[in-house]
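Chemist: sequence first, then the predicted structure:
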Amino acid sequence: MPSPDDMGESPHLLLVDDERSIREPLAVYLSKQSFRVTQAGDAESARMRMAAYAIDLVVLDIMMPGEDGLSLCRHIRATSEIPVILLTAKSEETDRIVGLEMGADDYVVKPFSPRELAARIKTVLRRATGGGGLRQHAPESGSFAFASWVLKTGERALIDREGVSVPLSTGEYNLLLALVQRPRQVLTRDQLLDLTQGREAAAFDRAIDNQVSRLRRKIEADPKNPDIIKTVWGGGYALSTDVTRL
Amino acid sequence: MPWPRSLAGQMALLVALTLFVAQAINLALILRDRAAFRVSQATRPAAARIADALDREAAGRHLSKDRGRVRLADRSPLTPGMEPQPELARELSQQLGEVGVARRKVEVAIARPDQFRLQPTRIERRLARHDDGPLPDTVVIAVEQPNGRWLVTSSPWSRGDGRLFWRLLAQTLILYAALLLPVLWIARRISRPLRELARAARDYAPAVPTPPLPLHGPPDVQAVIAAFNALRLRVTAMLDEKDRMLGAIGHDLRTPLAALRVRIESVEDEQDRARMADVITEMNRTLDDILSLARLGRPSEPVTDIDLAALVDAVVEDFRDLGSPVSFEESARLRMRLRPSLMRRAIRNLIENAVKFGGSADVSLDVGTTSAAIVVNDNGPGIPEAQMQDVFTPFTRLETSRNRDTGGIGLGLALARAIVHEAGGDIALSNRPEGGLSARIVLPR
């Protein structure tokens, strides 16, 4: 039985979805995973619940009649630090981009596995409440410029000096994102594993080292003698260039 | 010479031909008139002179053999080298009859200057001093007298006027030039808007909002353009409607699927639950494919500069992350302009098929000067040659034995091909001689 390790009581989730057929069984499932769950069927009642309870995390459906999930997400981000996980019906790029730009911490695409959602809730909560001090409130959206590269999170594209996009695998992207969000910070393999997993259904059991060497081959001028992703003695990696947010 | 195919060219050619025929008829008519005129010019004065000479002879003045316009000869002066002119002779004898000379034998021929020459008269000698041009041909006219002697006279004969033809030709050209400008103007007025229309129809991309074509040209053409504008609006509206409907269908089907997916978590039997989850995932994939295929006509993703080698590598890496046996020969950077996530999807579908039916996939890039090919080889059973094309048809599945586990509803290849076609390329399937299927995405560079 998983239990939130460093919290006195179980986290309180607010589940916002207009579809009862999803919301209710999901609430039951999450309750069994030792979360406390409050439900809301629309944006308005969600605001009321948030005012009434100390909510630790909001699970939010994007497509709702009336005020939609994106607008509510923007409101939450503007008024609080409460993390948000979006439920999206579409796997369309645009929805994901907009969702992340609105400041959501993560998203799952319907139909999702409740287990996966629970795992992501835990990951996001751990990040939000410490988790090795890695949490810096950084919405994932936007672009990061480092060395001669630009990483665009919306399109999940790595653009080189000539404007040519160099596609990355899911694993490579997640790793690079974790690194550019924390420049000049030493990240252990465990931390990197923790930061890069739970984003996507891709398996995470391939060694971080492997991913790093693949990334180096793509972005380093001389992969044998890396300038951008440095290996730190004692186990870990660090992005050794400055990062500008665009 | 190739016929002109454009409207303006054909109209210009047609006008030229018509003018040419009209002018040719004109020329023939003029030539006939000129010929008749020449005959009478040659014969009438001669007839008058002969009648006059006969009158004078009757009055007692003898004709000389070497003086005057009409002379006396013992024999007919006509020689075989001259061109006999029986028609002129007939004409002349008729005219002699009209002026009261009894019917006699008349011989007429045209002689070159070296063949026949009357001693020039005084006036002619004087004129000749001023005129150094070539001597003209002569019509030699001989009328037999009842006493067996001949009256001989001559008049100058102008050969057919060659300049006439050239003058007419010049006239035709001037007419043609004058006509050509307005003809070309009209043709351009019609053909330019038609060309614009053709281009607009060819380049019509429903995803790109385009202002209506401006109405140019004559009213008939304007009506066509207006109709095209209206048609384009209707098609765009229909496609919008289709997109909205597909979006609604997608949402309405995904919601119950999502509800189902949440509910099966309460199924106790681990295996049962996994199988149900797979079915739901599969249904969702199918739904995705249907929606993508239906939306492909108006891709929302822009074309981007991209490193195709890295793209293929990333797709392969995603498969390897999931533990699929997929290999990729690393390849040098290959810059292309593509819609990256659509192309990713096409490549993924091919690799997925290879893994599903062939057990593994070997991916490589084959780069030429004008095209680049992504090759996906597997070691499976391949596809019977006769069914090579069928697999691209949506909802086609080859083996009847295929069950839902290996399933898909056969949209994968159809979608991949639609994506590749949209990018201007093609997919070719072939059975490898060493066994297994080879799928080749060829893209123009």
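Modeler: All right, it came through fine. Numbers count the residues shown, from 1 in each chain, chains lettered A, B, ... in the order given.

Chemist: so B:Leu350 touches B:Leu415, yeah?
Modeler: No. Contact criterion CB atoms under 8 Å: B:Leu350 and B:Leu415 do not qualify, at 10.4 Å. (C-beta placed from N, C-alpha, C; glycine too.)

Chemist: the more surrounded of those two?
Modeler: For B:Leu350 and B:Leu415, the more surrounded residue by other CB atoms under 10 Å in any protein chain shown is B:Leu350, and the numbers stand at 28 against 22.

Chemist: contact partners for that one?
Modeler: By CB atoms under 8 Å, 6 or more residues apart in numbering or on different chains, the contact list for B:Leu350 reads B:374, B:376, B:412-413, B:416, B:427, B:439, B:441.

Chemist: swap in 6 Å and give it another go.
Modeler: B:Leu350 is in contact with B:376, B:416, B:439, counting by CB atoms under 6 Å, 6 or more residues apart in numbering or on different chains.

Chemist: helix or strand for the second one, which one?
Modeler: Same thing as B:Ala416. Secondary structure from DSSP states H and E places B:Ala416 in helix B:412-422.

Chemist: in that helix, what's buried?
Modeler: Residues of helix B:412-422 classed as buried by neighbour count (16 or more other CB atoms under 10 Å in any protein chain shown): B:412-420, B:422.

Chemist: A:Ser10 - how many residues pack around it?
Modeler: By other CB under 10 Å, the residues close to A:Ser10 number 15.

Chemist: how about A:Ala145, what does it touch?
Modeler: For A:Ala145, the contacting residues are A:244, A:246, by CB under 6 Å, 6+ apart.

Chemist: tell me how many other residues crowd residue 211.
Modeler: You didn't pick a chain, so chain A it is. Taking other CB under 10 Å as the neighbour definition, A:Gln211 ends up with a count of 25.

Chemist: actually chain B
Modeler: 6.

Chemist: now B:Ala198
Modeler: Other residues near B:Ala198 come to 12 when the count uses other CB under 10 Å.

Chemist: give me the nearest residue to B:Gly250, chain neighbours excluded.
Modeler: Nearest residue to B:Gly250 in three dimensions, chain neighbours excluded: B:Leu291, at 5.2 Å (CB to CB, 6 or more residues apart in numbering or on different chains).

Chemist: equivalent analysis for B:Gln10, please.
Modeler: B:Gln10 sits nearest to B:Pro4 (CB to CB, 6+ apart), 5.5 Å away.

Chemist: next one: the one you found from chain A, what distance?
Modeler: Going from B:Pro4 to chain A by CB to the nearest CB, to the nearest Å gives 45 Å.

Chemist: contacting residues for residue 175?
Modeler: Picking chain A for this. Residues in contact with A:Leu175 (CB under 6 Å, 6+ apart) are A:196, A:211.

Chemist: my bad, chain B
Modeler: Going by CB under 6 Å, 6+ apart, B:Leu175 touches B:Leu19.

Chemist: now with 10 Å?
Modeler: B:Leu175 is in contact with B:15, B:19, B:22-23, counting by CB atoms under 10 Å, 6 or more residues apart in numbering or on different chains.

Chemist: with pLDDT and distance to chain A added, can I get the buried residues of helix B:412-422 in a markdown table?
Modeler: What follows is the buried residues of helix B:412-422, written out as a markdown table (pLDDT from 0 to 100; distance: CB to the nearest CB, whole Å):
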| residue | pLDDT | distance to chain A |
| --- | --- | --- |
| B:Gly412 | 82 | 16 |
| B:Leu413 | 86 | 20 |
| B:Ala414 | 86 | 19 |
| B:Leu415 | 87 | 14 |
| B:Ala416 | 91 | 17 |
| B:Arg417 | 90 | 21 |
| B:Ala418 | 88 | 18 |
| B:Ile419 | 91 | 15 |
| B:Val420 | 92 | 17 |
| B:Glu422 | 87 | 17 |
